[in-house]
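*Asks:* Structure of the sequence below:
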Amino acid sequence: MFAYLSLVPNSFGKIFTVTTWGESHGPAVGVVIDGCPPRLPLTEAEVQAELGRRRPGQSEITTTRREPDRVEFLSGIFEGRTTGHPLAMLVRNTDAQPAAYAEMREKFRPSHADFTHEAKYGIRDHRGGGRSSARETIGRVAAGAVAGKILRLAANVEVRAYVTRVHHVAAPALDHFPTLAEIEATPVRCPHPETAARMIERIQQARAEGDSVGGVIDCRVRGLPAGLGEPVFDRLEADLAKAMLSLPATKGFEIGSGFSGTLLKGSQHNDAFVPREGRVRTATNNSGGVQGGISNGEEIFFRVAFKPTATIHQPQATVDIHGVATELRAAGRHDPCVLPRAVVMVEAMAALVLVDHWMRHAAQNQTFKF
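*Replies:* As a prediction, the model looks like this:
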């Protein structure tokens, strides 16, 4: 016998809590949201719009898997409004091809989760990676669509993520907060058209070589009030970092000046306070909108690094489940670069963090009046 610890590794958030479920080549994937406020107007079309940005097969630079990713509300909705009870959403897998992964039943893909899942559980779903597949993020994106609407209705908070680098191709810094139309203007979701064209060429080249490339996504949030964040261990930037690094293929996170801030002196890096529009503001924003783990009312901005897709169409040295050296040439359908579809995943996870902290702040500071 063994002691079973009550763990919830598939859940995220403390008040606005999401639990995702399902595997890449199982019958369906989905999410349950607990803690969603009641009476929120919500339609399947609003969630579908975000899932459409995430779905596979949407352009020539993404996986060729064809999935409509049609969302179905199962509970928590009545007459177009949330009820306050668990909100369950489902997306059925319609284009699964598990036979393409037969070779991976006994061979571990380099830099993938095959070996580590086997080591942890003693069993794994080799069909597309099971839970380690990016298809799991459908539940996150569906929940993020709900969280994003709450933020917009609460204070017109906007969350925008976009690709700033693919391999060695980097976009110049934006001098404005990008619109959704600018980001969606190209399939790579970089709001700088000239750079986007070169990014697409680089991804297509990698695909033709049977290889993959990584890059960087920037995310910016405006309209968030000061005061959100729970020091010491639930600092706002700490929860954002956890959220981003929980996404498949992520390898780095930095907020504000990030690592480049280490090259500055305190006199250069400090954000001086100034009065503006009757509010306390900062003249610069090296802090990235967070100071002492709490939002300061300025624009939040951070960056997330994504590695090259682990599954590639080139022969790779590996071992099988018996520890015997072998070679793997992966079949199946995979993104040559995860970044174009990861943009909406980054936005979703940011919205989930911000809504949860907003609710925690309200519970602590507005429930009682002294």
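*Asks:* wait, doesn't S59 sit right on P187?
*Replies:* Yes - counting by CB atoms under 8 Å, S59 touches P187, with 3.6 Å between them. (Each C-beta comes from the backbone N, C-alpha and C, glycine too.)
*Asks:* How about G210, nearest residue that isn't a chain neighbour?
*Replies:* With CB to CB, 6 or more residues apart in numbering as the criterion, G210 has its nearest non-adjacent residue at 3.5 Å, and that residue is H313.
*Asks:* residues contacting V221?
*Replies:* Residues near V221 by CB atoms under 8 Å, 6 or more residues apart in numbering: 157-160, 289, 299-301, 350, 354.
*Asks:* what residues does the strand or helix carrying A181 touch?
*Replies:* Assigned by DSSP states H and E, A181 belongs to helix 180-184. Here helix 180-184 makes contact (CB under 8 Å, 6+ apart) with 53, 160-162, 189-191, 343.
*Asks:* hmm, try it at 10 Å
*Replies:* If you take CB atoms under 10 Å, 6 or more residues apart in numbering as the criterion, helix 180-184 is touched by 53, 158, 160-163, 174, 176, 189-193, 196, 343-344, 347.
*Asks:* Let me know the next secondary structure element after it.
*Replies:* Criterion used, DSSP H and E; the element after helix 180-184 is helix 193-208.
*Asks:* How about residues contacting that following helix?
*Replies:* 59-62, 162-172, 182-183, 185-190, 192, 211-215, 308-309, 312-313, 334-337, 339-340.
*Asks:* one more time with 7 Å, if that's ok
*Replies:* Helix 193-208 has contacts (CB atoms under 7 Å, 6 or more residues apart in numbering) with 61, 163, 166-167, 169, 171, 185-188, 190, 212-213, 336-337.
*Asks:* Which helix runs longest in this protein?
*Replies:* helix 339-365 (DSSP state H).
*Asks:* picking that back up, for the helix holding A181, what does the pLDDT average out to?
*Replies:* Helix 180-184 comes out with an average pLDDT of 97.
*Asks:* Buried residues of that helix, list them for me.
*Replies:* 182-183 (16 or more other CB atoms under 10 Å).
*Asks:* Off-centre distance for that helix?
*Replies:* 18 Å (CA atoms, centre = their mean, to the nearest Å).
*Asks:* Stretch 46-66 now?
*Replies:* On the basis of CA atoms, centre = their mean, stretch 46-66 sits 14 Å off its chain's mean C-alpha point.
*Asks:* how about low-confidence regions in the protein?
*Replies:* Within the chain, the stretches with pLDDT under 70 are 1-7, 332, 367-370.
*Asks:* Repeat the analysis, applying 50 as the threshold.
*Replies:* By pLDDT under 50, the weakly predicted segments of the chain are 1.
*Asks:* What ranges does it have for its helices?
*Replies:* 44-54, 114-121, 137-155, 180-184, 193-208, 236-245, 266-269, 339-365.
*Asks:* Could you list every helix and strand in contact with the longest one?
*Replies:* So the one you mean is helix 339-365. On a contact count with 3 or more CB pairs under 7 Å, 6 or more residues apart in numbering; DSSP states H and E, helix 339-365 meets helix 44-54, helix 137-155, strand 158-166, strand 215-222, helix 236-245, strand 300-306.
*Asks:* now the angle between strand 215-222 and it, please.
*Replies:* Using axes from the mean of the first three to the mean of the last three CA atoms, to 10 degrees, the direction of helix 339-365 lies 40 degrees away from that of strand 215-222.
*Asks:* buried set for helix 339-365?
*Replies:* Neighbour-count burial for helix 339-365, counted by 16+ other CB under 10 Å, picks out 339-361.
*Asks:* now that helix, how far from the chain's geometric center?
*Replies:* The answer for helix 339-365 is 10 Å, by CA atoms, centre = their mean.
*Asks:* same thing with stretch 125-134?
*Replies:* With CA atoms, centre = their mean as the basis, the mean position of stretch 125-134 lies at 17 Å from the chain mean.
*Asks:* any idea how far A272 lies from N285?
*Replies:* 11 Å (CB to CB, to the nearest Å).
*Asks:* more crowded one of these two?
*Replies:* Each of A272 and N285 has its neighbours counted (other CB atoms under 10 Å); N285 has more, 17 against 8.
*Asks:* List the contacts of the more buried one.
*Replies:* 256, 271, 298-299.
*Asks:* Mark which of the residues you listed are buried, thanks.
*Replies:* 256, 271, 298.
*Asks:* So which of those residues is the closest to P9?
*Replies:* Nearest to P9 among these is G256, at 29.4 Å by CB to CB.
*Asks:* Does that closest one touch S287 like I think?
*Replies:* Yes - using CB atoms under 7 Å, G256 is in contact with S287, at 5.0 Å.
*Asks:* Find the residue closest to R140 in space, skipping its chain neighbours.
*Replies:* In this structure, R140 finds its nearest non-sequential neighbour in A348, 5.0 Å apart by CB to CB, 6+ apart.
*Asks:* Tell me the spacing between the one you found and N156.
*Replies:* Counting by CB to CB, the gap from A348 to N156 is 18 Å.
*Asks:* Likewise for T186?
*Replies:* For T186, the distance to N156 - CB to CB - is 26 Å.
*Asks:* what residues are up against E72?
*Replies:* 89-90.
*Asks:* Specify the beta-bridge partners of it.
*Replies:* Counting by DSSP bridges, E72 forms beta bridges with L90.
*Asks:* what's around L264, how many residues?
*Replies:* So L264, with other CB under 10 Å, has 12 neighbours.
*Asks:* What is the neighbour count of T262?
*Replies:* The tally of other residues near T262 (other CB under 10 Å) stands at 8.
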